[in-house]
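how would this look folded up:
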Amino acid sequence: MQIKYLRYFLIGLISFISSSLTHAQGYPNRPITVIVPFSAGSASDVVTRVLLDKVSTNNNIRFVFDNRPAAGGNVGTSAVIKADPDGYTIGLSTSGPLAVNKILNPDLGYDPEKDLQPIALFAVLPNVIVVSSTLNINTIAQLNDYIRKTPDVGYGSVGNGSSQHLAGAYYEQLLGAKMTHVPYRVTANMVTDLVAGRVPISFQLLPNVSGQIAGGRVKPLAVASNRRLTALPDVPTAAEAGIKGYESAAWFALIAPRGTPKVIIDKLNKEVNQALGDPTVRAKFAELGADPISGPPEEVTQLIASDIKKWTAIIKKGGIALDKQ
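Residues are numbered from 1 along each chain as shown. Presented below is the predicted three-dimensional model:
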């Protein structure tokens, strides 16, 4: 009797594997929707489009972008997790909704460590400390003096729990001075207020402010990384500028709903890694201040766990809470 059941089980398993392989061989035969949980034109959006444009060119795959900026990236990330696991809805997500927001809100509505299927980690972007050119500030030392003498001066970000928010909170803690965090839902609105000096400080990702830096409307003072950016060779690292140990970055990954067939995940991972090896993609990433990172899907899972560990103490000390929008 046990042999009979074992035979049925093996027949079923072989049938399932065969069906999955057949599905993957014909995949994709229609456009893939990519949910981006931040606004069009944001750093997340721009870097993802650079990558997937190359994947599209290499493999004749059409991607349709669906931007859903809300709640620090949680809304868009949740939409990916709840989608059909057929490979035709995937998403971009970042260190915020995949790691930080789990610390901020235990009742997030999803568990990034259990409810998603990672596809590939593909970029890390360090934060850049920038100020409005309306301020007579050109160095980190001058900025620190200004923050200490200007109680609750504002710094802008794309939302509570974003890398920009955490970079600012971490900076406050290292400096021992208080600023006021001003979250924005739309990146363009934040940049407008930064340029005008209404919220004169930010801890930005380079693509969000590269045009303003080039135009002289925003000044970069330091990079929150252990090495300088190729795109900003004259801008010191935070350590070189006198802020030892100050490192903060956003990382970007492609994700899919839990249950997406492994053959599809592996296919997309392979195509992403291939695109990341292209010199034109790497050059564009460098221009945007991004370091390309290729590897297996499991790297996303490992990075989520390590980021949760890293940011827990900083978030608790800063009393940081999640957007309720």
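
so what pLDDT did the most centrally placed residue in the chain get?
Residue closest to the mean C-alpha point of the chain, counted by CA atoms, centre = their mean, is residue 94 at 3.0 Å. Model confidence at residue 94, expressed as pLDDT, equals 89.

now residue 324
Looking at residue 324, the pLDDT reads 47.

what segments of the chain are strands?
Assigned by DSSP state E, the strands in the chain fall at 32-36, 63-67, 89-94, 116-132, 154-157, 180-183, 201-205, 218-223, 249-257, 291-292.

dump these into TSV; add distance to residue 192 as well.
Placement of C-beta: from N, CA and C, glycine included. Converted to TSV, those look like this (distance: least, CB to CB, whole Å):
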stretch	distance to residue 192
strand 32-36	21
strand 63-67	18
strand 89-94	23
strand 116-132	11
strand 154-157	10
strand 180-183	12
strand 201-205	12
strand 218-223	11
strand 249-257	21
strand 291-292	28
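
out of these, deepest packed?
Greatest average neighbour count among the strands of the chain goes to strand 201-205 (a mean of 28), per mean count of other CB atoms under 10 Å.

on contacts alone, who are the packing partners of that strand?
In terms of contacts (3 or more CB pairs under 8 Å, 6 or more residues apart in numbering; DSSP states H and E), strand 201-205 is packed against strand 116-132, strand 154-157, helix 163-175, helix 187-196.

could I get these as JSON lines with distance to residue 43 and mean pLDDT?
Output for the helices and strands packed on strand 201-205, formatted as JSON lines (distance: least, CB to CB, whole Å; pLDDT from 0 to 100):
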{"stretch": "strand 116-132", "distance to residue 43": "6", "mean pLDDT": "95"}
{"stretch": "strand 154-157", "distance to residue 43": "12", "mean pLDDT": "95"}
{"stretch": "helix 163-175", "distance to residue 43": "9", "mean pLDDT": "93"}
{"stretch": "helix 187-196", "distance to residue 43": "8", "mean pLDDT": "95"}
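
now these as a markdown table including distance to residue 313?
As requested, these are exported to a markdown table (distance: least, CB to CB, whole Å):
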| stretch | distance to residue 313 |
| --- | --- |
| strand 116-132 | 18 |
| strand 154-157 | 20 |
| helix 163-175 | 9 |
| helix 187-196 | 27 |
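
re the thing from before, quick one: closest of the strands of the chain to residue 190.
strand 154-157 (4.4 Å; CB to CB).

what lines up beside that closest one in the sheet?
Its sheet considered, strand 154-157 pairs with strand 180-183 (parallel), strand 201-205 (parallel) by DSSP bridges.

could I get that strand in PDB with only the CA atoms?
Taking C-alpha atoms only, strand 154-157 is exported to PDB below (Å, rounded to 0.1, in the frame of the first residue of the first chain):
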ATOM      1  CA  GLY A 154      14.200  70.800   8.500                       C
ATOM      2  CA  TYR A 155      15.500  67.900   6.400                       C
ATOM      3  CA  GLY A 156      13.500  66.300   3.600                       C
ATOM      4  CA  SER A 157      13.000  62.700   2.600                       C
END
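
hmm, who's touching that strand?
164-165, 168, 179-184, 190, 193-194, 198-203 (CB atoms under 8 Å, 6 or more residues apart in numbering).

can you tell me the closest non-neighbouring residue to residue 244?
residue 238 (7.9 Å; CB to CB, 6 or more residues apart in numbering).

span of stretch 26-38 from start to end?
31 Å (CA to CA, to the nearest Å).

average pLDDT across it?
93.

just use 861 as the starting number from now, easier for me
Got it, first residue is 861 now, which makes that one stretch 886-898.

that one: how far from the chain's middle?
Distance of stretch 886-898 from the chain centroid (CA atoms, centre = their mean, to the nearest Å) equals 18 Å.

outside of that stretch itself, list whatever touches it.
904-905, 908, 912, 921-930, 933-937, 939-940, 943, 947-954, 957, 1018, 1047, 1124, 1127.

one more pass at 6 Å, please.
904-905, 921-929, 933, 936-937, 939-940, 947-952, 1124 (CB atoms under 6 Å, 6 or more residues apart in numbering).

next one: stretch 1171-1179
960, 963, 1029, 1030.

quick check: the farthest pair among those?
Farthest pair in the contacts of stretch 1171-1179, by CB to CB: 963 and 1030, 13.7 Å.
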